[in-house]
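Visitor: Model the structure of this input:
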Amino acid sequence: MPDDALKPFSYVILTLVGEGGAGPHDLVRMMRAGSRPYWASSESHFYAEPKRLAKLGYLEAEAGPGKTRQRTHYSLTEKGREALREWAREPTPFPRVQSEAIVRLLSGDIVEDDAALLASLGALRGELDEIEAGLGGSEVQREGLPHRDRYLRLVNDFGFKLVAAHREWLDEVERELGPKGD
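Guide: This next block holds a predicted model:
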């Protein structure tokens, strides 16, 4: 893919910058809060991609005062809005799922230790609790974004359902691989 091409993550950044604009630190905060289930990118990408999009004319960068040093605030340009409009009209593919839990479970016949697999997969429950708490926090943040309220509500609903589906799947794995009761 050429360096000037928009990538799926480019649209994430354009969408999160939105009409109100955002700095890279805002984007990372959003990712840490309720958005974690949706982005597989590292925090460094949330700093690098806006710079790239600004160089390509999709975002406008403006330096402003910060607590300790200058901060960059990004705004959508008309080119960025048009790119989002075109992209939103394209058919949506089924989401790519990158699940380490699935691969670990799939290794079960090689590992031959269901108890170890269950312990490994069970650790996912704590992370699901954290994600669910973050989704709850993003419910509060919706109040400050009335223009995005219905979209954020629908996204959060999906997040809660995604967490619930993982919990249900873990219950099933534990029933299947766990010790059989008498």
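Visitor: Send over stretch 110-120 as PDB, restricted to the C-alpha atoms.
Guide: C-alpha atoms of stretch 110-120 as PDB (Å, rounded to 0.1, in the frame of the first residue of the first chain):
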ATOM      1  CA  ILE A 110      -0.600 -30.100  21.000                       C
ATOM      2  CA  VAL A 111      -0.400 -28.600  24.500                       C
ATOM      3  CA  GLU A 112      -2.400 -31.500  26.000                       C
ATOM      4  CA  ASP A 113      -3.000 -29.600  29.200                       C
ATOM      5  CA  ASP A 114      -6.600 -28.500  29.500                       C
ATOM      6  CA  ALA A 115      -6.000 -27.100  33.000                       C
ATOM      7  CA  ALA A 116      -3.200 -24.800  31.800                       C
ATOM      8  CA  LEU A 117      -5.400 -23.700  28.900                       C
ATOM      9  CA  LEU A 118      -8.300 -23.000  31.200                       C
ATOM     10  CA  ALA A 119      -6.100 -20.900  33.500                       C
ATOM     11  CA  SER A 120      -4.700 -19.000  30.600                       C
END
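Visitor: Buried residues in that stretch, which are they?
Guide: For stretch 110-120, the buried set under the neighbour-count rule, 16 or more other CB atoms under 10 Å, comprises 117-118. Glycine gets a C-beta too; all of them are placed from N, C-alpha and C.
Visitor: contacting residues around it?
Guide: 104-105, 107-108, 173-174, 177-178 (CB atoms under 8 Å, 6 or more residues apart in numbering).
Visitor: try stretch 14-32
Guide: In contact with stretch 14-32 (CB under 8 Å, 6+ apart) are residues 13, 35, 39, 43, 46-47, 50, 53, 58-59, 71-76, 80, 83-84, 134, 145, 147-148.
Visitor: buried residues in that stretch?
Guide: For stretch 14-32, by 16+ other CB under 10 Å, it's 14, 16-17, 22-24, 26-28, 30-31.
Visitor: nearest to A123, of those?
Guide: Lowest distance from A123 to the buried residues of stretch 14-32 (CB to CB) belongs to M31, with 21.4 Å.
Visitor: and the next element down the chain from the lowest-mean-pLDDT helix or strand in the chain?
Guide: When the helices and strands of the chain are scored by mean pLDDT, DSSP states H and E, helix 24-32 comes last with a mean of 79. For helix 24-32, the succeeding helix or strand toward the C-terminus, using DSSP states H and E, is helix 43-55.
Visitor: gap between that next one and the chain center?
Guide: 16 Å (CA atoms, centre = their mean, to the nearest Å).
Visitor: For the next helix or strand along the chain from it, C-alpha coordinates in CSV please.
Guide: Next helix or strand after helix 43-55 toward the C-terminus (DSSP H and E): strand 59-64. Only the C-alpha atoms of strand 59-64 are listed here, as CSV (Å, rounded to 0.1, in the frame of the first residue of the first chain):
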residue,chain,number,x,y,z
LEU,A,59,-6.4,16.8,8.8
GLU,A,60,-5.3,20.3,9.8
ALA,A,61,-2.7,20.5,12.6
GLU,A,62,-2.6,23.5,15.0
ALA,A,63,-0.1,23.9,17.8
GLY,A,64,-1.5,25.2,21.1
